[in-house]
Each structure stands twice: as C-alpha cells, then as structure tokens.
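Novice: Sequence and predicted model, in that order:
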Amino acid sequence: MFELAGTRCPEGQKTTVSLKAGTREDGSPIEIHAVVLSGVKRGPTLLLTALLHGTELAGAETIRQVLDHVDPSALAGRVVGIPVANPLAFLEHAQSTLRDGLNMNRVFPGQPSGSITQRMAHIIYTHCVKAADAVIDFHTNSYPAVHWVIAKTAGDELGTKTEGMARAFGLTLGTQVQPRFAGLLFAVVLGPMMLFGCAYYPWAQLKAIGAFQYLFLLNPLTFVSEAMRLAVTPEAPQMPLALLALGLVGWLAAFAAIGTRAFEKLAIL
Ligand SMILES: [Zn+2]
C-alpha cells in the first residue's frame, strides 16, 4: 500500500496527510497538508503543488477542484495534491516567507536543518517530490495575463516527457507551438494580443479610429477585457452586451475545438 510520510493511503480512497515542518512560537505545529487520491490500478504518481508563493491563490483552487472531481475508485496511479505548500507565506499574505525572507521556489530541495522555508521545502521534496513520477507546480500571474507553461526541456528522455506534459497542458497555442519557440510566441503573438486586447482602454471608445475598431474583435483578449471591465467598472463605456456574449462564446468554442483536438493528439494516456 502507498504510504506518504508513514501514513497509509488505502486504494480507492482520499487520505489527508499532515507533514510537520516546524513549530510556531506558541508551540503549535507548522503543517503542510498533502491530499492523496490512491487509485485502484497500478500507475504513475502525479504531484500537484500550489502556493509556494503565498499570494498566488488560483493554483490552490485548481488543485481543490481536481481533488474533488477525480474519483480514486476509477483512478490508475495516484494524485497527490498540496494546495498550500507554504502555509506561512499564505497566512502572511506574502510572496516569500516573512520569517526568513526566502522565496520557496528557489530553495528546493531544501535543507532539513535550515531556516523554516528550507525545512518546508525539504519536507515536500523528501516525502512528495521523490515519490512522484511527474510534478506540476501552479503559479499565478496578475491581470492582464496569458496562461503559460514553463518547462525545462533538454534533449534527453526526461526533457521529452516534460515537453509532452507541457504541450498537453496548453490548449490551442500551447499545443500548436513548439516550446522552443515560446520566446518568439510572446514577442509576436502574446505581447501584441495584450497591447491590442482592450485591457487598458474600453473598446467602445475606439470608435475614434473608425472602422479599425472592428479589427480589435479579431483579438479574443478584447472580449475577456470587456467582460472584466463590465464586472468591475460597469460605469465605464461598454461594448454592446450581445456582441460581448457572442465574442466570448464564439472564441471559447473555437479555441476549445482546436485545442481539444490537438490535446488529444498530445495527451499521454
Ligand atoms: Zn509564483
């Protein structure tokens, strides 16, 4: 039976394991919680981590949804989720740990007798990373952000597997573009998309440039920005609601169709 830090994780079940990394000033433990979904068939172990940086909340919610939706009784292998990898930075609303000033993302594999961030990293590395066949670490960008996957890909077997995972991750652009062109993708596609995506100005006011206004509808980010603007500052000039809804649904359907088809070709099943 799979064990994590000495805790047995029965097949077909969800088990929460508390990893003690240290002690607070009041004597209470500093714990990192790992949730293990143990499948009923043999298979690889996938580790998901988030909130190494204490302000990047989206990954924790992503992991929560995965842990809620994946049924261990229908799973081959295991999913280990650590929604809050750095509980101190999370509670302190800080990117790095305030106590020692360390960025957890830079201290792996950690040190068993180091400062608290190094010890937390060491606990995660020793018990979870070493037990995993693959690791996905979630981070969060500020708006306007484009989703991306960062992967180190050397030409070896590990690099090839990493590249496969990274490409399978990103729908549409991620699946269509080779990782080695990621820099070019940013300069040629993503940068201009953000600049001409109405993130910094309302689409309605572009009527000052005449028919060119409609060229901005070819940019999917325009609709995302307009929807965000409508939600946050409804008093600003708005795109007609019907056009906004049509654009969001249309682009979502198009990207989902293209991305899903490419994803199915790349996904390792
Ligand atoms: Zn981060």
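Specialist: Arrived safely, thanks for sending.
Novice: and the residue of the stretch 151-269 of the chain found nearest the ion, how far is that from Leu173?
Specialist: For the stretch 151-269 of the chain and the ion, the shortest gap (Cβ to the ion) falls at Ala151, measuring 15.2 Å. The C-beta positions use only the backbone N, C-alpha and C, and glycine is treated the same way. According to Cβ to Cβ, to the nearest Å, Ala151 stands 14 Å off from Leu173.
Novice: Tell me which of those two has more neighbours.
Specialist: The neighbour count for Ala151 versus Leu173, taken as other Cβ atoms under 10 Å, is higher for Leu173 (19 against 16).
Novice: dump the residue contacts of that one.
Specialist: Contacts of Leu173 were listed using Cβ atoms under 8 Å, 6 or more residues apart in numbering, and they are 185, 189-190.
Novice: Now that we have these, which of them are buried?
Specialist: 185, 190 (16 or more other Cβ atoms under 10 Å).
Novice: Is it possible to get TSV of the contacts of Leu173 that adds distance to Ala242 and secondary structure?
Specialist: Below are the contacts of Leu173 laid out as TSV (distance: Cβ to Cβ, whole Å; DSSP: H, G, I helix; E, B strand; the rest coil):
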residue	distance to Ala242	secondary structure
Leu185	32	helix
Val189	28	helix
Leu190	28	helix
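Novice: What residues does the stretch 1-150 of the chain have near the ion?
Specialist: The stretch 1-150 of the chain has residues 53, 56, 139 near the ion, with proximity defined as Cβ under 5 Å from the ion.
Novice: does the second one really touch Phe138, like I thought?
Specialist: Okay, so that is Glu56. Yes - judged on Cβ atoms under 8 Å, Glu56 makes contact with Phe138 at a distance of 7.5 Å.
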